[in-house]
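**Student:** predicted structure and sequence below. I'll ask about it afterward.
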2 protein chains.
Amino acid sequence: MTRKIRLGAFLPGGGQHIASWRHPDQPVDGATSLEFHKRLAQTAERGLFDAYFLADNLSVSMGGGVEGGNAKVAGFEPVTLFAALATATTHLGFIATASTTYEEPYNTARKFASLDLISGGRAGWNVVTTATEAAAHNFNLDQQLPHATRYRRAAEHVEVVKALWDSFEDDAFLRDRESGRFFDPVKVHPTDHRGEHFKVKGPLNIPRSAQGHPVIVQAGQSDDGRGLAAATAEVIFTAHQKLDTAQEFYRDIKARARGLGRDPAHILIMPGVSPFVGRTQAEAQAKYDRLTSLILEEDGLALLKALTGGTLDLTGVDLDGPLPDVAPTEGMKSRQALIRQIADENGFTVRQLYQHVASARGHFTVVGTPQSIADTLQEWFENEGADGFNILPPWLPTGLEDFVDLVIPELQRRGLFRTAYEARTLRGNLGLPFPVNRHAAARAAQQAAE
Amino acid sequence: MTRKIRLGAFLPGGGQHIASWRHPDQPVDGATSLEFHKRLAQTAERGLFDAYFLADNLSVSMGGGVEGGNAKVAGFEPVTLFAALATATTHLGFIATASTTYEEPYNTARKFASLDLISGGRAGWNVVTTATEAAAHNFNLDQQLPHATRYRRAAEHVEVVKALWDSFEDDAFLRDRESGRFFDPVKVHPTDHRGEHFKVKGPLNIPRSAQGHPVIVQAGQSDDGRGLAAATAEVIFTAHQKLDTAQEFYRDIKARARGLGRDPAHILIMPGVSPFVGRTQAEAQAKYDRLTSLILEEDGLALLKALTGGTLDLTGVDLDGPLPDVAPTEGMKSRQALIRQIADENGFTVRQLYQHVASARGHFTVVGTPQSIADTLQEWFENEGADGFNILPPWLPTGLEDFVDLVIPELQRRGLFRTAYEARTLRGNLGLPFPVNRHAAARAAQQAAE
């Protein structure tokens, strides 16, 4: 089978671009409209996207601040939203973000397993450690845990969740009315985990889904983040502005995975891409300029602050001067470095910097025709830059519709993207292997040895 | 407006009765079937029920045991399930159980607010402290917290959640594209809670729903439980076998509420009732006997153990002898006392005891015609025994359909139950007042004083 581009759609109902809510195409209440999210899901499914992605914040976004025109202050909790959207779709996957720092593994395992069962095997978990001070303040802490502690807890949290997901073997349920045997107790397994951060006896009280368990997604880019991703992720969401840094990341992750005994083909690397699509280059540029003109100064500064976990406070600086030096902190190290890199490489003023990142919040912005955008995606895909992409339409629904109606057909013409879903599960569509239940595998191995 | 009976429907897809899965009417995989739960929700809505109720366990139910034919081992997480069911219904409320002991208030507040927004204001939160050792073992504890500690934490947890739900005043969102003012920062409020168990700064990142915030439901019956319920609950789910104990409870709660300055009419007391409905008494009795005959001995014993939080272990006792003495423990005190009371009052053997409670797990079982069942409900409703009932059909969907098709019309003929929904929100249908945002109320009071 020819390798195909995988596509995620990053679709917060409030839009990706900081000013998107001011665009006349986008419903002004999109962030809190179920109907609008349903329309987005159905459009993504029409475009044969693998999955609908949602980020999450355990505080008011923008670092907890409620200043200015911050349109991201409020929205749905992603897992509950996706449970509702699953009923309005049949093939689209749903990748929701949840925090390893501020949730307990039993609850995490359960809510994702429940979404997975509700959707018939279309769930994914984007594992995050949550890197804002504002979130810490909502969870009994005066300041957030150190970066390394958060990552150790994350690794253990994922380990426990995966163990909990294997509580019932796939054929554990007998449901034999005659004998009264509802399940086979031999095929139910306690977890019996006792680690640094968690003690969890198990078993989990929910069966596995049609895809075994939810797809594990990761987005960390720091050294700790890469280590966790190489060890546990099946999909990696990443941010790169240029092919060479994307390639460095891609090769590093695949090498780390190989080093850990994993098949590198089972870790899909998907950089974020924010597309402004026009039938001509001029039309695409006009769309970009239009949205950029809608950014308020205070929103631009709040965005830079939020993207760096609240550490980059530029209140009072000259907007038309260079980005001042800021000491690195515990929060979102990789994101701080990325913002700095964008400023340095482009020689941006503070204003130019926020205008640039506003469209995609640090992700790669492409402004072009279906052909030129397909050229770029193809180049990254064929040269160890990407296995697929997370598409972040700058505003909605138009930015998504433009991509579905104009870019997808071009990718299909080139044989780079599916023309129909291959499977009913997320894992099946992504071409990821079915995770055999560890206890069933152990029994099979033992029987083979006897 | 004449006072009407309120009705909740307690509909775990696996059935209420311990042997219900063995009944040929019930889908053997009902507990984990979304389609079956959807059918139940739509039947309840056809019956004009106020709400669909679900209990919850943070462990494999039956005290974490996986012995025997326990058909309750696996199911959906209620809030995700209800988010999906909300899209298949238009008026039915959804009351999900969540634990104050094993969740953080920010997460609790968010997931219920999200369900409330998704359903258009039809959510309720059944506040529980979670009283099993098995759950404690899934959340880093070697044994559960003392009863009194759990209740203090519960009271604080509810207080924080309600404060978080008031983060945004109802008119906080301006969404003015022209000025760029998405919201009015004066109408967004931090929580700034610092208490014994929680430090939560807020604000919550989700707006209020059409009903203000989810309805608060409680089921505690111990002294601590009654105190919490009188202080915070808007609906109380309770278990009584006889009118006189129901009256004692009803009057006590209403008096406590009045003592706390609350309007007793705003606390609806809804005992559980498990109905076996027949067109004749003989037909109803035959339905009861049929289901009772399907109970396995080991399931009966496991049920008694589970209902008492794992404390009543009767392994090896004579099933045809009396219930032996067991020392009371920290878990589910009220439930232990109730089980003992049922055994003593009826002079039951252990086998008779589990056969009796199997149908309704400690709730009131009625076996009769639509007329005799309506007589009983009317008697309780008109004599300070109940404001409504939680109907626990012993098996599904037939037990629910019998109630909807036979008992509801009888209640309607008597003018005791609605003939159409009054409102689109749960609160509206229950006749509960809209909770004015505390900050808006404070501002209004201040303006009135000036």
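**Tutor:** Arrived safely, thanks for sending. Numbers count the residues shown, from 1 in each chain, chains lettered A, B, ... in the order given.
**Student:** which one's the longest strand in chain A?
**Tutor:** Using DSSP state E, we find that the single longest strand of chain A is strand A:268-277.
**Student:** distance from the chain centre to that strand, please.
**Tutor:** Mean C-alpha position of strand A:268-277 versus that of the full chain (C-alpha atoms, centre = their mean, to the nearest Å) differs by 12 Å.
**Student:** list of residues touching the helix or strand just after it?
**Tutor:** Later in the chain than strand A:268-277, the nearest helix or strand by DSSP states H and E is helix A:281-292. Residues from elsewhere that reach helix A:281-292, judged by C-beta atoms under 8 Å, 6 or more residues apart in numbering or on different chains: A:17, A:19-20, A:23, A:276-278, A:355, A:358-359, A:365, A:367-369, A:372, A:394-395. C-betas here are computed from N, CA, C, even on glycine.
**Student:** avg pLDDT for helix A:281-292?
**Tutor:** For helix A:281-292, mean pLDDT rounds to 96.
**Student:** give me the buried positions along it.
**Tutor:** For helix A:281-292, burial by neighbour count (16 or more other C-beta atoms under 10 Å in any protein chain shown) applies to A:284, A:287-288, A:291-292.
**Student:** and these, which is closest to chain B?
**Tutor:** Using C-beta to the nearest C-beta, residue A:291 is the member of the buried residues of helix A:281-292 that sits closest to chain B, with 12.7 Å.
**Student:** report the separation between that closest one and residue A:33.
**Tutor:** Plainly put, residue A:291 is 20 Å away from residue A:33 if you go by C-beta to C-beta, to the nearest Å.
**Student:** then residue A:213?
**Tutor:** From residue A:213 to residue A:33 the distance is 31 Å (C-beta to C-beta).
**Student:** out of these two, which sits in the busier spot?
**Tutor:** residue A:213 (23 against 18; other C-beta atoms under 10 Å in any protein chain shown).
**Student:** what's near enough to touch the spatially closest residue to the more buried one that is not a sequence neighbour?
**Tutor:** Take residue A:213 and drop its neighbours on the chain: the residue closest to it by C-beta to C-beta, 6 or more residues apart in numbering or on different chains is residue A:165, 4.0 Å away. Going by C-beta under 8 Å, 6+ apart, residue A:165 touches A:109, A:113, A:204, A:208, A:212-214.
**Student:** rerun that using 10 Å as the cut-off
**Tutor:** Each residue near residue A:165 by C-beta atoms under 10 Å, 6 or more residues apart in numbering or on different chains is listed here: A:109-110, A:112-113, A:116, A:191, A:204, A:206-209, A:212-214, A:435, A:437-438.
**Student:** where in the stretch 1-150 of chain A is pLDDT low?
**Tutor:** Applying pLDDT under 70 to the stretch 1-150 of chain A flags residues A:1, A:61-70.
**Student:** and the helices in it, which stretches?
**Tutor:** Secondary structure of the stretch 1-150 of chain A (DSSP state H, counting those that start in this stretch): helices at A:34-46, A:78-86, A:105-118, A:133-136, A:147-165.
**Student:** nearest to residue B:335, of these?
**Tutor:** helix A:105-118 (22.7 Å; C-beta to C-beta).
**Student:** kindly calculate the angle that the closest one makes with helix B:78-86.
**Tutor:** If you take axes from the mean of the first three to the mean of the last three C-alpha atoms, to 10 degrees, helix A:105-118 sits at 20 degrees to helix B:78-86.
**Student:** residues contacting the residue of the stretch 351-450 of chain A found nearest chain B?
**Tutor:** Closest residue of the stretch 351-450 of chain A to chain B, C-beta to the nearest C-beta: residue A:395 (12.2 Å). The contact partners of residue A:395, by C-beta under 10 Å, 6+ apart, come to A:14-17, A:19-26, A:30, A:276, A:287, A:290-291, A:294, A:359, A:402.
**Student:** show me which of these are buried.
**Tutor:** A:14-17, A:19-23, A:26, A:30, A:276, A:287, A:291, A:294, A:359, A:402.
**Student:** in strands, which of those appear?
**Tutor:** residue A:276.
**Student:** in CSV: the buried residues of helix A:281-292, plus distance to residue B:99.
**Tutor:** Formatted as CSV, those follow (distance: C-beta to C-beta, whole Å):
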residue, distance to residue B:99
A:284, 51
A:287, 48
A:288, 48
A:291, 44
A:292, 47
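**Student:** which of those sits closest to residue B:313?
**Tutor:** residue A:291 (65.9 Å).
**Student:** output the helix or strand harbouring residue A:305 as CSV, restricted to C-alpha atoms.
**Tutor:** Following DSSP H and E, one finds residue A:305 within helix A:297-307. Presented in CSV, the C-alpha positions along helix A:297-307 are these (Å, rounded to 0.1, in the frame of the first residue of the first chain):
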residue,chain,number,x,y,z
GLU,A,297,-2.8,45.3,19.8
GLU,A,298,-3.7,44.1,23.3
ASP,A,299,-4.8,40.7,21.9
GLY,A,300,-1.5,40.4,20.1
LEU,A,301,0.5,40.9,23.3
ALA,A,302,-1.8,38.6,25.3
LEU,A,303,-1.3,36.0,22.6
LEU,A,304,2.5,36.1,22.9
LYS,A,305,2.2,35.8,26.7
ALA,A,306,-0.2,32.9,26.5
LEU,A,307,1.9,31.0,24.0
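**Student:** for that helix, the distance to its chain's centre please.
**Tutor:** So, by C-alpha atoms, centre = their mean, the centroid of helix A:297-307 is 21 Å from its chain's centroid.
**Student:** again with stretch A:408-418
**Tutor:** For stretch A:408-418 - counting by C-alpha atoms, centre = their mean - the centre lies 23 Å from the chain centre.
**Student:** may I have the distance across it, first residue to last?
**Tutor:** 9 Å (C-alpha to C-alpha, to the nearest Å).
**Student:** hang on, the earlier thing: show me what counts as buried in the helix holding residue A:305.
**Tutor:** Those would be A:299-307, for helix A:297-307 by 16+ other C-beta under 10 Å.
**Student:** can you list those in CSV and add pLDDT?
**Tutor:** Listed next are the buried residues of helix A:297-307 as CSV, based on pLDDT from 0 to 100:
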residue, pLDDT
A:299, 82
A:300, 85
A:301, 86
A:302, 80
A:303, 80
A:304, 84
A:305, 80
A:306, 75
A:307, 74
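**Student:** list just the nearest of those to chain B.
**Tutor:** The closest of these, once distances to chain B are taken by C-beta to the nearest C-beta, is residue A:299, at 7.4 Å.
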